[in-house]
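Asker: sequence and predicted structure are below.
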Protein chains: 4
Amino acid sequence: MTAFTPKDPDFHSRVTADFAKQALMRTIGARLTLIEAGQCEISMNKRDDLCQQHGFVHAGITTTLADTAAGYAALSLMPPGAEVLSTEFKINLMNPAAGQFFTARAEVLKPGRTLTVVRSDVWADNDGKRTLIASMLATMICLAGNQDVRQ
Amino acid sequence: MTAFTPKDPDFHSRVTADFAKQALMRTIGARLTLIEAGQCEISMNKRDDLCQQHGFVHAGITTTLADTAAGYAALSLMPPGAEVLSTEFKINLMNPAAGQFFTARAEVLKPGRTLTVVRSDVWADNDGKRTLIASMLATMICLAGNQDVRQ
Amino acid sequence: MTAFTPKDPDFHSRVTADFAKQALMRTIGARLTLIEAGQCEISMNKRDDLCQQHGFVHAGITTTLADTAAGYAALSLMPPGAEVLSTEFKINLMNPAAGQFFTARAEVLKPGRTLTVVRSDVWADNDGKRTLIASMLATMICLAGNQDVRQ
Amino acid sequence: MTAFTPKDPDFHSRVTADFAKQALMRTIGARLTLIEAGQCEISMNKRDDLCQQHGFVHAGITTTLADTAAGYAALSLMPPGAEVLSTEFKINLMNPAAGQFFTARAEVLKPGRTLTVVRSDVWADNDGKRTLIASMLATMICLAGNQDVRQ
């Protein structure tokens, strides 16, 4: 992991405040468990109402965790006033999302003025055993404070 | 669009029953609005509790719709007793998910014995104007009835 | 397909001149066979020196065709003086690249000031039968003429 | 990095022999520089005939290196007689492919009976400085010896 120097010394509280504004995070019970310069971790307990037809957490929810962690890992390196949007991501779902507890951990591969590339992995904790269930590669875009939310 | 011949004449009721088992679909208020051989459409109304920090529907929910439509488009062409799992997908988020109503529409590009490739687009209806907000390319895997849910 | 209005009325000759500068296109024998506003087609004959271990054209060459067509479909809609770079793409290889002749056809899904999203499909002609062998979803970035080739 | 146990003790010579059959590798001057259980490294010198319009190595060639390394990292863990095919991959091109020398390094994230997920990074050596220029996430499929090269 490369060490990155944040452009906003106050990134920690900025990311925390932004996360708190995400209604979906409350809806699915996700918690921001770590935010460092270029890194972010988000956790969630299993809930039956977030599952698919086989009783595993739905791929869309696994993706939600990975994407959100990726977005905040990117935002942590953006300048004050900037906002982050996902432009695209790809995720491989490698093992069923079975477990009591899920954690997405993202780290920036390449921060850029416009685009930031992030890797984000999701782990399942199942009876004390931790398994990698998904890996994402994502591109985040930096919107300056006065910009419209369009690319 | 290529026309495909389903291996299971009863695919319509099989997909409908499978969709009904997905707790997450109820949680987010998604409805299966079309299922044909190699095609599927899923719709959802906007809800504030599914939004991100700018008040748009979260990319993870847009992805959930696209992925679920892709999965059932694939399942519609699989043999009786088969189950479907997402192995991977990539999505480009092209416009903010702003609107009152969202529709994911998926169509199979290549059905295979093991892997099925699906394209899935998501549209937003905003005051009567329909905008393409996302496009996905996904790989689905066919699990025979007696197989474990592992790849 | 949406119809797009080019920002540069001279896009046709600009794209043609740019293509001519790509040494790799000569190396693999690729030809620019169509360029319209938001669309591009590139063709190539099979050559044994471009194949992989099973005698099919290598996935990397299929990707090269799809990516190049995607880049020029995007460039056709960019303003005069702009240059295009691939930021990322994903490709599904659906059928073996078997045939005498290959064609990549790209069309823009969403042109943007900064990012342009493009879909690009590759077809193989094998004894007069045309098969879809690959489908790509790509993000292209617009570099203004005086900008550095960095994101 | 997880340590993997190969199913074929002879994987090293099997991969080496397979690589030697790839005509494209000779065409672009690529060399297999490392093969371990679940890991592979492929290197290539810069050549002008492999470049795009700005004088950088073409994204399609960078992808060729990443994909080939990913394929052999996967093959190293497959049983005797198996063959490998790329089913899909996604690559982010993070920095221009500028340098005298390029290296793709792949490692398996999840080996499976049917599908293997691989991460593959490409580095440029430019006047002694090594830069990460691309990162790929790929899905490889295992074909048993007597199987057709179809999915």
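Answerer: Yep, it's here. Residues are numbered from 1 along each chain as shown, chains lettered A, B, ... in the order given.

Asker: residue numbers of chain A in contact with chain D?
Answerer: A:90, A:92, A:94-95, A:109-110, A:112, A:117, A:119, A:132, A:135-137, A:139 (Cβ under 8 Å from any Cβ of the partner chain). Heads up, the C-betas are built off the backbone N, CA and C, glycines and all.

Asker: quick check: the farthest pair among these?
Answerer: A:95 and A:112 (31.7 Å; Cβ to Cβ).

Asker: just the angle for the longest helix anywhere in chain A relative to helix B:59-75, thanks.
Answerer: Looking across chain A with DSSP state H, the single longest helix is helix A:59-75. Interaxial angle, helix A:59-75 versus helix B:59-75 (axes from the mean of the first three to the mean of the last three Cα atoms, to 10 degrees): 140 degrees.

Asker: what about the longest strand seen in chain A, average pLDDT?
Answerer: Longest strand of chain A, by residue count under DSSP state E: strand A:129-143. Mean per-residue pLDDT for strand A:129-143: 97.

Asker: now it: buried residues?
Answerer: Residues of strand A:129-143 classed as buried: A:131, A:133-143 (neighbour count, 16 or more other Cβ atoms under 10 Å in any protein chain shown).

Asker: that strand vs chain B: in contact?
Answerer: No. On the criterion Cβ under 8 Å from any Cβ, strand A:129-143 is out of touch with chain B, staying 8.7 Å away.

Asker: helix, strand or coil: sort out residue A:9 for me.
Answerer: For residue A:9, the assignment made with DSSP: H, G, I helix; E, B strand; the rest coil gives coil.

Asker: swap in residue A:55?
Answerer: Classification of residue A:55 using three-state DSSP returns coil.

Asker: flag the shaky bits of chain A, pLDDT-wise.
Answerer: Where chain A drops to pLDDT under 70, the residues are A:1-2, A:145-151.

Asker: how far away is the most centrally placed residue in it from chain C?
Answerer: With distances taken as Cα atoms, centre = their mean, residue A:69 lies nearest the centre of chain A, 1.3 Å away. Going from residue A:69 to chain C by Cβ to the nearest Cβ, to the nearest Å gives 19 Å.

Asker: thought that residue was touching residue A:38?
Answerer: No. Using Cβ atoms under 8 Å, residue A:69 is not in contact with residue A:38, being 11.7 Å away.

Asker: what about residue A:100, neighbour count?
Answerer: The number of residues packed near residue A:100 is 11, by other Cβ atoms under 10 Å in any protein chain shown.

Asker: next up, the contacts around it.
Answerer: Contact analysis of residue A:100 by Cβ atoms under 8 Å, 6 or more residues apart in numbering or on different chains lists A:45-46, A:125-127.

Asker: between these, which has the most around it?
Answerer: residue A:46 (20 neighbours).

Asker: excluding residues flanking it in the chain, which one is nearest that residue?
Answerer: Spatial nearest neighbour of residue A:46, chain neighbours left out: residue A:100 (5.4 Å); criterion: Cβ to Cβ, 6 or more residues apart in numbering or on different chains.

Asker: how much space between residue A:144 and chain B?
Answerer: 14 Å.

Asker: can you report how many residues neighbour that residue?
Answerer: When neighbours are counted by other Cβ under 10 Å, residue A:144 registers 11.

Asker: residues of chain A that sit close to chain C?
Answerer: On the criterion Cβ under 8 Å from any Cβ, chain C has as its neighbours in chain A the residues A:87-88, A:90, A:112-115, A:117, A:137, A:139, A:141, A:150-151.

Asker: for residue A:125, what is the enclosing helix or strand?
Answerer: Residue A:125 is located in strand A:115-126, with elements delineated by DSSP states H and E.

Asker: that strand to strand D:115-126, inter-axis angle?
Answerer: Orientation check (the same axes, to 10 degrees): strand A:115-126 against strand D:115-126 gives 140 degrees.

Asker: so how far is strand A:115-126 from its chain's centroid?
Answerer: Offset of strand A:115-126 from its chain centre (Cα atoms, centre = their mean, to the nearest Å): 7 Å.

Asker: packing partners of it?
Answerer: helix A:59-75, strand A:83-93, strand A:101-110, strand A:129-143 (3 or more Cβ pairs under 8 Å, 6 or more residues apart in numbering or on different chains; DSSP states H and E).

Asker: let me have the ones you listed in TSV, adding distance to residue D:56 as columns.
Answerer: What follows is those, written out as TSV (distance: least, Cβ to Cβ, whole Å):
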stretch	distance to residue D:56
helix A:59-75	25
strand A:83-93	22
strand A:101-110	16
strand A:129-143	19
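
Asker: closest one to residue C:5 among these?
Answerer: When these are compared (using Cβ to Cβ), the closest one is strand A:83-93, at 23.4 Å.

Asker: which elements pack onto that closest one?
Answerer: Using 3+ Cβ pairs under 8 Å, 6+ apart, the elements in contact with strand A:83-93 are helix A:59-75, strand A:115-126, strand A:129-143, strand B:83-93, strand C:129-143, strand D:129-143.

Asker: buried stuff in it?
Answerer: Those would be A:83-93, for strand A:83-93 by 16+ other Cβ under 10 Å.

Asker: between the residues you listed, which is nearest residue D:77?
Answerer: Taking Cβ to Cβ as the measure, residue D:77 lies nearest residue A:92 of the buried residues of strand A:83-93, at 16.1 Å.

Asker: what sits opposite the closest one in the beta ladder?
Answerer: Going by DSSP bridges, residue A:92 is paired in beta bridges with residue A:135, residue B:88.

Asker: just checking, it touches residue D:117?
Answerer: Yes. Counting by Cβ under 8 Å, residue A:92 touches residue D:117, with 4.8 Å between them.

Asker: what residues are shared contacts of the two?
Answerer: Joint contacts of residue A:92 and residue D:117 (Cβ under 8 Å, 6+ apart) are A:135, B:88, D:109-110, D:137, D:139.
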